[in-house]
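> Model the structure of this input:
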Amino acid sequence: MKTETELNKNNVNMARRSFLRYAGAGVAGVGLMAAASSCHKDHPVQPSTGAIPLGTGDTGILNYAYALEQLEAAFYTQVVLTPYSGIPSAELSLLTDIRDHEVLHREFFKAALKTSAIQALTPNFSKIDFTSRASVLTYAKAFEDLGVTAYDGVAYKIQNVAYLAIAGSIVSVEARHAALIGNLLQSGNFVSSDQVTASNGLNISNDPKTVLATANTFLSAKTQVSASF
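As a prediction, this is how the structure comes out:
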């Protein structure tokens, strides 16, 4: 008979395989969309704040997503480079998988936007204690929730249906990340009340201004961004 430790390890491995199977399918779909589409060029609107303008129309929205994916990729890259104290191997594997997804998302948008892509952004994670599990997972949840609410809050503005399909593919992967992180923080808490509205069960959405007000606090002053859409 297997011990409780062996059973728990098997459950974690099974959950990891299931997570990768479904999340990976979303990433593969995004890759196919990248090969089939390209961005049209917009004329960026210069903001009065001095922040990096994302552009207008669909290009601006894709740059918006690109900025957020840059932030998430940088965060998880740091997590994997400097794992928090006492991290179980199963958790490190899961966080490594998420890092790989975020890097794929980042590189997808960079390739799709081509010369219309904004510059590489410089993160500022000084407020995060990467040695602490509680700190890392709390900020991981914040980044994932921010990403999901950002995609949901801007999808209706997308004009090109191909881009809308891309956004749908990526936000579904981000939502799986959010659920996983929530469950790591508190077992069984894969969807919390701060992620959905209690009355209708729909995910909360946020507009770009609200999202960037938070995202910019994790970027260096010289590479903060602004949206005009």
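> Skipping its backbone neighbours, what lies nearest residue 171 in space?
Nearest residue to residue 171, sequence neighbours excluded (Cβ to Cβ, 6 or more residues apart in numbering): residue 151, at 3.8 Å. Every residue, glycine included, has its C-beta placed from N, CA and C.
> OK, contacts around the one you found?
Going by Cβ atoms under 8 Å, 6 or more residues apart in numbering, residue 151 touches 65, 167, 170-171, 174.
> cool, residue 113 as well?
Contact partners of residue 113, counting by Cβ under 8 Å, 6+ apart, are 39, 59, 62-63, 66.
> Return the subset of the contacts of residue 151 lying in helices.
Among the contacts of residue 151, the members falling in helices (DSSP state H) are 65, 167, 170-171, 174.
> By neighbours, which of those residues wins?
Neighbour counts for the ones in helices among the contacts of residue 151 peak at residue 174, which has 28 neighbours (criterion: other Cβ atoms under 10 Å).
> Could you tell me the average pLDDT over stretch 181-193, please?
Averaging pLDDT along stretch 181-193 yields 80.
> So which bits of it are buried?
181-182, 184-185, 190 (16 or more other Cβ atoms under 10 Å).
> in the protein, which spans are strands?
Taking DSSP state E to define them, one finds strands in the chain at 52-53, 225-226.
> name the helices or strands packed onto the last one?
By that I understand strand 225-226. Of the remaining helices and strands, those touching strand 225-226 by 3 or more Cβ pairs under 8 Å, 6 or more residues apart in numbering; DSSP states H and E are strand 52-53, helix 57-81, helix 208-215.
> Which secondary structure elements does the second one sit against?
I take that to be helix 57-81. Against helix 57-81 (3+ Cβ pairs under 8 Å, 6+ apart) you get helix 89-113, helix 133-154, helix 161-185, helix 208-215, strand 225-226.
> Give me the angle between it and helix 161-185.
On the basis of axes from the mean of the first three to the mean of the last three Cα atoms, to 10 degrees, helix 57-81 is oriented at 30 degrees to helix 161-185.
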